[in-house]
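> The sequence and its predicted three-dimensional model are supplied below.
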Amino acid sequence: MKPKISRRDFLKYLGLGTAGTAALLEGVNVTPAFASTPEDKLPTFELGPLKIKKAKETASVCAYCGCGCGLIIYSEGERVIHIEGDPDNPNSDGAMCCKGMALGDANTIVNAKRKRELNRQRAIDVLYRAPGSSKWEKKDWDWALTEIAKRVKKTRDETFEEKDENGITVNRTQAICHIGSASIDNEENYIMHKLMRSLGVINLDHHARL
Ligand code: SF4
């Protein structure tokens, strides 16, 4: 009976190249077939352990542009060790462009010893600089979200227009704009759009255009 390989497995092994083969043949000596090489001259490669063997697999979306290609992130602890296209994602069918393939570099850097390590300079906390201050203060998300809500309400209350200069009903504020995200899906974009429209925000754009 022929072994069954799903479409997802097929693309996964194809995308991983030798690593994908290693998933199947780890610890086995492999002799690749080169068309014009006599059999006794064929080189033999010893396949090492697969680097993603113990990694956690998380499905996500590329954050760079508006195509929204699906990806699978392999991580160990807080370190991303590999990223590849997600063959289950209907937008991209497992494909990614070279920019998306380099996404792992957002999480890691190459140190002076030419070793890849976690990028400690990434901002992962809420940082707030008060008006007129030269210092950044670390805040928690509860504080930040409450502060954002307060400021949105204040700005909307102060700038809301029911009618324009011609007396036409507009129910809008032009003092707030919203930048969308390539990292969220259609449904999340729909909800965000509804929220902004319900506030009367008409200036909506997307960070992939910036
Ligand atoms: S940057 Fe490349 S991989 Fe990322 S969403 Fe755009 S096309 Fe896809």
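Right, received. Where do you want to start? Residues are numbered from 1 along each chain as shown.

> for the chain, what spans make up the helices?
Secondary structure of the chain, counting by DSSP state H: helices at 7-16, 18-25, 98-101, 141-159, 186-199.

> Let's see the shortest one as PDB, backbone CA atoms only.
When you say that, I think you mean helix 98-101. Written as PDB, here are the backbone C-alpha positions of helix 98-101 (Å, rounded to 0.1, in the frame of the first residue of the first chain):
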ATOM      1  CA  CYS A  98      11.600  36.900   0.500                       C
ATOM      2  CA  LYS A  99      10.600  39.700   2.900                       C
ATOM      3  CA  GLY A 100       8.200  37.400   4.700                       C
ATOM      4  CA  MET A 101      10.800  34.700   4.800                       C
END
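
> helices or strands up against it?
Applying 3 or more C-beta pairs under 8 Å, 6 or more residues apart in numbering; DSSP states H and E, one finds that helix 98-101 contacts strand 79-85. Every residue, glycine included, has its C-beta placed from N, CA and C.

> okay, now Asn89: neighbour count?
Residues near Asn89, counting by other C-beta atoms under 10 Å, number 20.

> and the gap between the residue nearest to it when sequence neighbours are not counted and the ligand?
In this structure, Asn89 finds its nearest non-sequential neighbour in Gly70, 2.4 Å apart by C-beta to C-beta, 6 or more residues apart in numbering. Gly70 is 9 Å from the ligand, where distance means C-beta to the nearest ligand atom, to the nearest Å.

> Count the neighbours of Gly70 for me.
23.

> weakest of the helices of the chain in terms of mean pLDDT?
With a mean of 43, helix 18-25 has the lowest mean pLDDT of the helices of the chain.

> Contact partners for the residue nearest to Val110 when sequence neighbours are not counted?
Using C-beta to C-beta, 6+ apart and skipping the chain neighbours, the partner closest in space to Val110 is Arg116 (5.6 Å). Applying C-beta atoms under 8 Å, 6 or more residues apart in numbering, we find Arg116 in contact with Thr108, Ile109, Val110.

> Pick the one among those closest to Trp136.
Ile109 (21.4 Å; C-beta to C-beta).

> ok, that closest one - contacts?
Arg116, Glu117, Leu118, Asn119, Gln121.

> Mind doing that once more with 10 Å?
By C-beta atoms under 10 Å, 6 or more residues apart in numbering, Ile109 lies in contact with Lys115, Arg116, Glu117, Leu118, Asn119, Arg120, Gln121, Arg122.

> Now for the fourth one, how many residues are close by?
As a burial measure, Leu118 scores 14 neighbours (other C-beta under 10 Å).

> Quick one: name the residues of this structure near the ligand.
Applying C-beta under 6 Å from any ligand atom, one finds that the chain approaches the ligand through Cys62, Tyr64, Cys65, Cys67, Gly68, Cys69, Met96, Cys97, Lys99, Gly100.
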